[in-house]
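[1] return atomic coordinates for the entry below.
(one chain, ligands or ions: 1)
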Amino acid sequence: MLKRVLNIDLTNETYKIEEMENLFTLFLGGIGTGIRLLERNCPESTDSNSENAPIIFCIGTLEGLFPCCSKTAAVFKSPLTGNLGESYAGGKLGLAMRFADYGAIVIKGKAKRSTYISIHNEDVKFHNATTLKGLSTYATARVLREVEKRKGIQSIVTIGPAGERLIRYANVNVDTYRHFGRLGLGAVFGSKNLKAITISGNQSYEIDDKKTYKTVYRAIYDILINTPIMQKYHDLGTSVNILPLNELRCLPTRNLQTSSFEGADKISGELFASEYLTKKIACGQCPIGCIHIATIRIPFGSEHEYESMKVPYDYEPLFSLGTMLGISSPEEVMRLIEIVDGKGLDAMSTGVILAWATEAYEHGLISAKETMGIPLYWGKGDNYRKIIENLVNGSNEFYKILSTGVLKASGIFGGHDYALELGRNEIAGYHCGYATILGQLYGGRHSHLDNGGYALDQKLHSNPMEPEKIVETLILEEQGRCVFNSLVACLFARGMYTDKIISDALEVAGIKRTPEELAELGELIYTERFKFKIREGFDLDNLKIPKRFYETESFNGMLNEKNMEKLAEIYRERIKGLL
Ligand code: SF4
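    Residues are numbered from 1 along each chain as shown. The predicted structure is shown next:
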């Protein structure tokens with residue numbers, strides 16, 4: 001059973017281990033435990049970049065026990081939205097925490113100079129990282145893998161130059177190919193002078209009823225491996241979505257001026273698999289391996305010299321750095337993914353901001369004077385690479401403004417009607433209908449994954465529902481995902497982890513929960529998240545939806561502002577009723 005919390009104080013370079021078994025028994029770990037730890041450790045109205053702002057990592061009760069329960073929740077105050085920061089990453093971090101015997105890690109304070117922390121079981125050390133300053137996420141991880149070789153399961157967590165420069169949508173890289181992508185955790189690392197963490201553990205844990213454990217494990221494993229439920233993730237990965245979403249008119253293109261892209265087949269999962277895919281890897285203890293890595297070669301010099309690059313590709317960066325920018329060259333998209341990952345930027349926010357900037361440039365709201373002579377044209381990958389360099393370097397006032405997010409940038413330069421954010425977070429790659437927009441607007445972290453509104457819209461197309469029912473379905477889905485995100489199971493496996501399977505698996509871990517009790521827990525966590533958001537200034541009554549959503553045909557046709565407002569009102573009242 002999880003119980004230990006490692007508290008790290010960067011200011012004084014000290015640490016303390018606490019036992020908080022109740023917090024893990026009650027909330028199951030992950031976001032449930034994390035939100036309670038955030039309430040306790042983040043004083044009201046704390047500046048996300050201040051010493052007092054905590055970084056909290058939490059794993060779930062089933063971590064290290066069952067397949068696909070391999071993720072880690074990060075909870076923090078978001079520099080991008082100003083309220084709840086919540087993000088999830090795979091890789092080996094969860095397993096490393098489990099084998100170091102920590103259910104959660106809480107980091108506070110601010111280091112005097114650039115620092116990396118190494119954690120091996122109960123040994124915690126603070127190291128001078130000034131020689132790593134400015135290095136990409138990839139290079140930092142390479143160096144730390146050499147100097148911090150440890151026994152057991154090890155994970156390396158780093159930021160790139162974007163986090164060091166406090167860009168509000170800087171991400172945190174985990175084990176090179178996974179990320180705490182959204183809401184700016186990288187900037188919180190940067191504000192603490194925290195360049196990286198290595199964590200490793202080689203401890204063990206006992207399971208009382210090994211016979212039942214084997215039976216439940218085998219049942220889960222069989223479904224994952226011997227049924228089609230996870231097949232698409234292993235085969236083409238999430239990039240399998242490009243062609244169907246394009247067909248359905250759900251694929252935001254050129255800043256959602258259209259919802260289908262004429263070059264979709266050139267950056268599809270099928271094309272990548274046949275031409276560029278060289279490896280598939282998996283998060284710790286996952287038999288699926290949905291992480292697809294492509295290899296490209298970049299020519300340099302005149303005598304057939306090449307640099308090879310390994311690039312992880314998923315649906316989301318293919319949307320944000322491909323279709324949103326009108327780029328149909330797979331190699332150009334991969335070069336953009338590589339630079340964005342290496343700099344430590346969230347690919348989705350970056351692509352949406354570049355798309356807004358391109359349209360603002362077309363309309364004359366910004367000019368070559370602001371961009372330092374770099375023209376912004378759809379499809380020009382080399383220009384976008386230069387823009388990203390300048391953005392991360394903060395080369396002038398315009399680039400510094402771009403680093404604050406699309407809402408702030410459009411507040412200064414104009415073009416708010418096509419600045420594609422919902423709840424201050426740049427949008428995900430779906431234009432499916434009302435539920436997609438509402439789900440991101442009122443979701444706890446303004447993510448498409450909070451409640452899967454995009455999937456509901458695909459059902460609504462053939463099975464319409466009353467507005468009240470749409471809102472209820474989204475809220476119930478989000479509450480269910482709050483339980484899932486406490487475990488912290490991979491959302492791709494949510495079709496397999498039914499309430500019954502979760503109850504059986506929890507029993508192996510010594511926790512009894514009926515499906516009804518799990519539903520109550522989901523509602524509790526959902527409500528706690530909103531209470532924290534509202535405590536930190538989130539205003540349910542003051543959220544805007546950019547006009548662009550009503551101007552471009554979605555999978556469910558043209559959307560109507562009045563219908564949307566009616567749904568939004570029902571949603572707001574429903575949330576208020578829970579608080
Ligand atoms: S399915 Fe993919 S993202 Fe999910 S745990 Fe497995 S490898 Fe990680």
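
[2] going forward, measure contacts and count neighbours with C-alpha atoms only.
    OK.

[3] ok, residue 440 touching residue 446?
    Yes: between residue 440 and residue 446 there is a contact at 4.3 Å, judged by Cα atoms under 8 Å.

[4] joint contacts of these two?
    Overlap of the contact sets of residue 440 and residue 446 (by Cα atoms under 8 Å, 6 or more residues apart in numbering) consists of 422-423.

[5] now stretch 561-569: buried residues?
    For stretch 561-569, the neighbour count (16 or more other Cα atoms under 10 Å) marks 564, 567-568 as buried.

[6] okay, that stretch in PDB with CA atoms only?
    Extracted C-alpha coordinates of stretch 561-569, given in PDB (Å, rounded to 0.1, in the frame of the first residue of the first chain):
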ATOM      1  CA  GLU A 561     -24.000  30.500 -30.600                       C
ATOM      2  CA  LYS A 562     -27.400  30.400 -28.900                       C
ATOM      3  CA  ASN A 563     -27.400  26.600 -28.600                       C
ATOM      4  CA  MET A 564     -23.900  26.800 -27.100                       C
ATOM      5  CA  GLU A 565     -24.900  29.500 -24.600                       C
ATOM      6  CA  LYS A 566     -27.900  27.400 -23.500                       C
ATOM      7  CA  LEU A 567     -25.600  24.300 -22.900                       C
ATOM      8  CA  ALA A 568     -23.000  26.500 -21.200                       C
ATOM      9  CA  GLU A 569     -25.600  27.900 -18.800                       C
END
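
[7] in whichever strand or helix holds residue 454, what's buried?
    Secondary structure from DSSP states H and E places residue 454 in helix 453-460. By neighbour count on 16+ other Cα under 10 Å, the buried set for helix 453-460 is 453-458, 460.

[8] for residue 307, give me its contacts.
    297-300.

[9] and the residue of the stretch 51-200 of the chain closest to the ligand?
    Of the residues in the stretch 51-200 of the chain, the one nearest the ligand is residue 68, at a distance of 4.5 Å by Cα to the nearest ligand atom.

[10] could you measure from the residue nearest to that residue when sequence neighbours are not counted over to the ligand?
    Excluding its sequence neighbours, the residue lying closest to residue 68 (Cα to Cα, 6 or more residues apart in numbering) is residue 286, at 4.9 Å. Remark: distance between residue 286 and the ligand (Cα to the nearest ligand atom, to the nearest Å) = 5 Å.

[11] neighbours of residue 286, how many?
    19 (other Cα atoms under 10 Å).

[12] give the contact list for it.
    Contacts for residue 286 (Cα under 8 Å, 6+ apart) come out as 67-70.

[13] can you name the next helix or strand after whichever strand or helix holds residue 96?
    Element membership for residue 96 (DSSP H and E) is helix 93-99. As assigned by DSSP H and E, the chain's next helix or strand after helix 93-99 is strand 104-108.

[14] which elements pack onto that following strand?
    The contact analysis (3 or more Cα pairs under 8 Å, 6 or more residues apart in numbering; DSSP states H and E) places strand 104-108 against strand 4-9, strand 55-58.

[15] now with 10 Å, please.
    strand 4-9, strand 14-19, helix 30-41, strand 55-58, strand 72-77, helix 93-99 (3 or more Cα pairs under 10 Å, 6 or more residues apart in numbering; DSSP states H and E).

[16] dump the ones you listed to JSON lines, plus mean neighbour count, mean pLDDT and distance to the ligand.
    JSON lines is the format used below for these (neighbours: other Cα atoms under 10 Å; pLDDT from 0 to 100; distance: least, Cα to the nearest ligand atom, whole Å):
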{"stretch": "strand 4-9", "mean neighbour count": "20", "mean pLDDT": "98", "distance to the ligand": "24"}
{"stretch": "strand 14-19", "mean neighbour count": "13", "mean pLDDT": "98", "distance to the ligand": "28"}
{"stretch": "helix 30-41", "mean neighbour count": "24", "mean pLDDT": "98", "distance to the ligand": "15"}
{"stretch": "strand 55-58", "mean neighbour count": "28", "mean pLDDT": "98", "distance to the ligand": "16"}
{"stretch": "strand 72-77", "mean neighbour count": "28", "mean pLDDT": "98", "distance to the ligand": "11"}
{"stretch": "helix 93-99", "mean neighbour count": "29", "mean pLDDT": "98", "distance to the ligand": "11"}
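
[17] what sits closest to the residue in the stretch 451-579 of the chain positioned nearest to the ligand if chain neighbours are left out?
    Checking the stretch 451-579 of the chain residue by residue against the ligand with Cα to the nearest ligand atom singles out residue 490 as nearest, at 4.6 Å. Using Cα to Cα, 6+ apart and skipping residues adjacent in sequence, the residue nearest residue 490 is residue 68, 5.5 Å away.

[18] what's the pLDDT at residue 299?
    Confidence at residue 299, expressed as pLDDT, is 89.

[19] okay, which residue is most central for this protein?
    residue 181 (3.7 Å; Cα atoms, centre = their mean).

[20] a strand runs through residue 336, doesn't it?
    No: using DSSP: H, G, I helix; E, B strand; the rest coil, the assignment for residue 336 is helix, not a strand.

[21] which residues touch the residue of the stretch 301-450 of the chain found nearest the ligand?
    Proximity of the stretch 301-450 of the chain to the ligand (Cα to the nearest ligand atom) peaks at residue 314, 10.3 Å away. Residue 314 makes contact with 236-242, 269, 290-293, 337 under the criterion Cα atoms under 10 Å, 6 or more residues apart in numbering.

[22] who wins for neighbours among those residues?
    Most neighbours among those, by other Cα under 10 Å: residue 292, with 28 neighbours.

[23] the closest residue to it other than its chain neighbours: helix or strand, and which one exactly?
    With sequence-adjacent residues excluded and distances taken as Cα to Cα, 6+ apart, residue 292 is closest to residue 280, at 4.7 Å. Following DSSP H and E, one finds residue 280 within strand 277-281.

[24] the stretch 201-350 of the chain against the ligand: which residues are in contact?
    Proximity of the stretch 201-350 of the chain to the ligand (Cα under 6 Å from any ligand atom) is limited to residues 282-283, 286, 288-291.

[25] how about the residue nearest to the centre of the chain, what does it touch?
    For residue 181, the contacting residues are 86-89, 169-174, 341, 344-349, by Cα under 10 Å, 6+ apart.

[26] now, these that are in strands?
    Per DSSP state E, strands hold the following members of the contacts of residue 181: 86-89, 172-174.

[27] restrict the residues you listed to those near the ligand?
    Taking Cα under 6 Å from any ligand atom as the test, the ligand is in contact with none of these.

[28] now rank those by neighbours and give me the top one.
    Highest neighbour count within the ones in strands among the contacts of residue 181: residue 172, with 33 neighbours (other Cα under 10 Å).

[29] my read: that one touches residue 187, true?
    Yes: assessed by Cα atoms under 10 Å, residue 172 is found in contact with residue 187 at 8.7 Å.

[30] quick one on the thing from earlier: now the residue nearest to residue 292: how far from residue 383?
    30 Å (Cα to Cα, to the nearest Å).

[31] give me the domain ranges for this structure.
    4-201, 236-422, 433-578 (automatic domain parsing).

[32] so which of the buried residues of stretch 561-569 comes closest to residue 417?
    residue 564 (15.8 Å; Cα to Cα).

[33] give me the three-state assignment for the closest one.
    Each residue gets one of three states, and residue 564 gets helix by three-state DSSP.
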